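# 3D, please:
(one chain, ligands or ions: 1)
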Amino acid sequence: MSTTPLALLSVSDKSNIVEFAQGLIKAGFGLLSTGGTYRLLTENNVDVTEVSDYTGFPEMMDGRVKTLHPKIHGGILGRRGKDDAVMSEHAIDRIDLVVVNLYPFAETIARADVTMNDAIENIDIGGPTMVRSAAKNHAHVGIVTDPADYDRILTALGDGTALTTALRYDLAVKAFEHTAQYDGMIANFLGSRVNENQEAENFSRTFNVQLEKVQDLRYGENPHQNAAFYIENQPLKSQQASIATAKQLQGKALSYNNIADTDAALECVKAFSTPACVIVKHANPCGVAVDNDQVAAYNTAFSTDPESSFGGIIAFNRPLTLAAAKAIIDNQFVEVIIAPSIEDGVLEATAAKKNVRVLVCGELPAPDQRDIQLDYKRVNGGLLVQEQDLGLITANDLKIVTDVQPTEAQIADLLFSWNVAKYVKSNAIVYAKGQRTIGVGAGQMSRVNSARIAAIKAEHAGLATEGAVMASDAFFPFRDGIDNAAAVGISAIIQPGGSMRDDETIAAANEHGIAMVFTGMRHFRH
Ligand SMILES: NC(=O)c1ncn([C@@H]2O[C@H](COP(=O)(O)O)[C@@H](O)[C@H]2O)c1NC=O
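Residues are numbered from 1 along each chain as shown. Below you'll find the predicted structure:
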């Protein structure tokens, strides 16, 4: 029996393990290690005993069995002070620190040519077993699963082998989070295949994601609701800019509604390849404009609906200029401004309104380069899961169904309004002209009412609908939608088509001399 506390090192990701091992020896640990880790350490002149020498059992079955031995698990799980006699009876030494990271399952299944056998062989068994043993016995044992923690562990050890209770507890929680995530990935992978020879289905039998709390929120949608913000914690997750990658540079803490609305604004502005400004209020864009001049883009977006823009969320798809920041601050009460980055001087300017939240999220992907994420919507007792709606329509996809052909300028405006409509709650009607919104009708139970509201908004803002284009997120079931559009002077319409009465709506458009195009794609958003 050794009196020196042991540290067991068994890592797939071997970065910084040699330096860490040297630090552990300096602190007073004896080292045990599995085959590959052992070889690397001895090559670097680190004094270490191989696990197989310690247990008297060789590693076998291509590494399937290395550490699954009572001398290992007894050394980790033994309750110090309670199990000492049984440990000594079986010549089990104390293992006070376990350093393990697991077979790279995530990286393996991400490979395009992965086979079921590759995946199975990359399911780590001995590693998670040690991680769980150590985490269970955190009253006595430290468990390190993340190379990023090596420095803080060495600092905490100082010249000894003891970690504080609080640090062991923190490491144990992290360890169980790690194995939960690992097993979740395995269950998702295997559970999306009916049997070993089947192609993957889109959705697995159970849906296992890990979400990490980044912020407790003052309250939820309303002050009597408790709330927090969690972000997805998946290995190899998309690093594309989003509300989850955003950093707040100034302002009050974000609220639940701020986060939801900022997400809506950012996702909408991503739809534009040219410089754009989106103003969102209550999850809907209330003003959108495209303009190379950012101040003009903001002013134009704002002028669509100044009333709704009060207290809005403003998103840009280009770095926020000092001039645009000043224009906003001088013009309106704003909750959040988000952009990929900010120019020098912006924070000095926005500091005049210290509550305004200024966020940067990093460069946005081009509209056709966005990673498809999953959308979740909770219903009582369940979760609806779908792919994010990133369906793209280009001019080539448009089917012109009327006698009147749209002009080039109209096609540009039709595509602009279609991009906006995709981010407006259904039923969505968007009027636009000259790459800017003229009126937005959102979230009504009837399409005709959404159109009415869009017209009312345009009128309130003093914007002419005459000659504007109209986008409808779904088809018109009756010709009245087209008749009403004609009554306010709409000159071109974009809609999915696909109604039983498409013939009637096409006839109506022809009667009114309106150009109409079908996209063949619907964008309901509930
Ligand atoms: N089977 C076992 O008993 C076992 N014990 C540890 N491992 C894993 O083996 C890896 C380290 O192996 P090596 O030191 O041989 O490179 C670690 O990822 C560790 O989690 C095992 N491998 C798989 O289950």
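# so how many other residues sit close to the closest residue to Asp403 other than its chain neighbours?
Of all residues not flanking Asp403 in the chain, Asn510 sits nearest, at 5.2 Å (C-beta to C-beta, 6 or more residues apart in numbering). For the C-beta atoms, the positions are set from N, CA and C on the backbone; glycine is no exception. Look at Asn510: counted by other C-beta atoms under 10 Å, it has 16 neighbours.
# Tell me the secondary structure at Asn510.
State at Asn510, reduced to three classes by DSSP: H, G, I helix; E, B strand; the rest coil: helix.
# need the contact list for it.
The contact partners of Asn510, taken as C-beta atoms under 8 Å, 6 or more residues apart in numbering, are Thr402, Asp403, Val404.
# Model confidence at it, what's the number?
Note for Asn510: predicted pLDDT of 98.
# And for the one 3 residues further on?
Note for Gly513: predicted pLDDT of 98.
# Mind checking the pLDDT average for the helix or strand hosting Glu459?
Using DSSP states H and E, Glu459 maps to helix 447-460. For helix 447-460, the mean per-residue pLDDT is 96.
# Distance check, the residue nearest to Asp403 against the ligand.
69 Å (C-beta to the nearest ligand atom, to the nearest Å).
# Just the buried residues of the contacts of Asn510.
In the contacts of Asn510, burial by neighbour count holds for Thr402, Val404, counting by 16 or more other C-beta atoms under 10 Å.
# among the contacts of Asn510, which are in helices?
The helices, defined by DSSP state H, take in nothing from the contacts of Asn510.
# list the contacts for Trp418?
Ile393, Val430, Ala471, Ile494, Thr519, His523.
# looking at it, the last one is touching Lys422, isn't it?
Yes. Under the criterion of C-beta atoms under 8 Å, His523 is in contact with Lys422, at a separation of 4.2 Å.
# what touches both of those two?
Residues touching both His523 and Lys422 (C-beta under 8 Å, 6+ apart) are Asp389, Gly391, Asp473.
# tell me the contacts of the residue sitting furthest away from the middle of the chain?
What lies farthest from the middle of the chain is Glu89; by C-alpha atoms, centre = their mean that is 52.3 Å. By C-beta under 8 Å, 6+ apart, Glu89 lies in contact with nothing.
# mind running it again at 10 Å?
When contacts are counted by C-beta atoms under 10 Å, 6 or more residues apart in numbering, Glu89 touches Asp83.
# can you tell me how far it sits from the ligand?
On the measure of C-beta to the nearest ligand atom, Glu89 and the ligand end up 24 Å apart.
# what's the answer for Asn101, then?
Using C-beta to the nearest ligand atom, one gets 6 Å for the distance from Asn101 to the ligand.
# give me phi/psi at that residue?
Torsion angles at Asn101 (phi, psi; degrees, to the nearest 10) stand at phi -130, psi 150.
# That one contacts Thr145, doesn't it?
Yes. With contacts counted by C-beta atoms under 10 Å, Asn101 reaches Thr145, the gap being 5.8 Å.
# what do those two both touch?
Val11, Gly127, Val131, His178.
# Report the secondary structure state of the third one.
When you say that, I think you mean Val131. Secondary structure, three-state DSSP: Val131 is helix.
# before we move on, the earlier item: which of the contacts of Trp418 tops the neighbour count?
Ranking the contacts of Trp418 using other C-beta under 10 Å puts Val430 first, with 32 neighbours.
# ok, the residue of the stretch 201-350 of the chain found nearest the ligand - contacts?
Closest contact between the stretch 201-350 of the chain and the ligand, by C-beta to the nearest ligand atom, is at Pro235 (14.3 Å). Applying C-beta under 10 Å, 6+ apart to Pro235 gives the contacts Pro104, Phe105, Ala106, Glu107, Ala110, His178, Gln181, Tyr182, Met185, Gln210.
# Least confident of the residues you listed?
Ala110 (93).
# Skipping its backbone neighbours, what lies nearest that one in space?
Nearest in space to Ala110, with sequence neighbours left out and distances taken as C-beta to C-beta, 6+ apart, is Leu236 at 5.6 Å.
# residue contacts, the spatially closest residue to Ala271 that is not a sequence neighbour?
Spatial nearest neighbour of Ala271, chain neighbours left out: Asn419 (4.5 Å); criterion: C-beta to C-beta, 6+ apart. Taking C-beta under 10 Å, 6+ apart as the criterion, Asn419 is in contact with 268-273, 276, 285, 288, 290, 367, 392-393, 430, 432, 471, 523.
# And for Leu8?
Leu8 is in contact with 29, 31-34, 37, 49, 51, 54, 67, 72, 75-76, 95-100, 130, 134, 141, counting by C-beta under 10 Å, 6+ apart.
# Get me the contact residues on the stretch 201-350 of the chain for the ligand.
With the criterion set to C-beta under 6 Å from any ligand atom, the stretch 201-350 of the chain never comes near the ligand.
# Right, I'll call it a day here.
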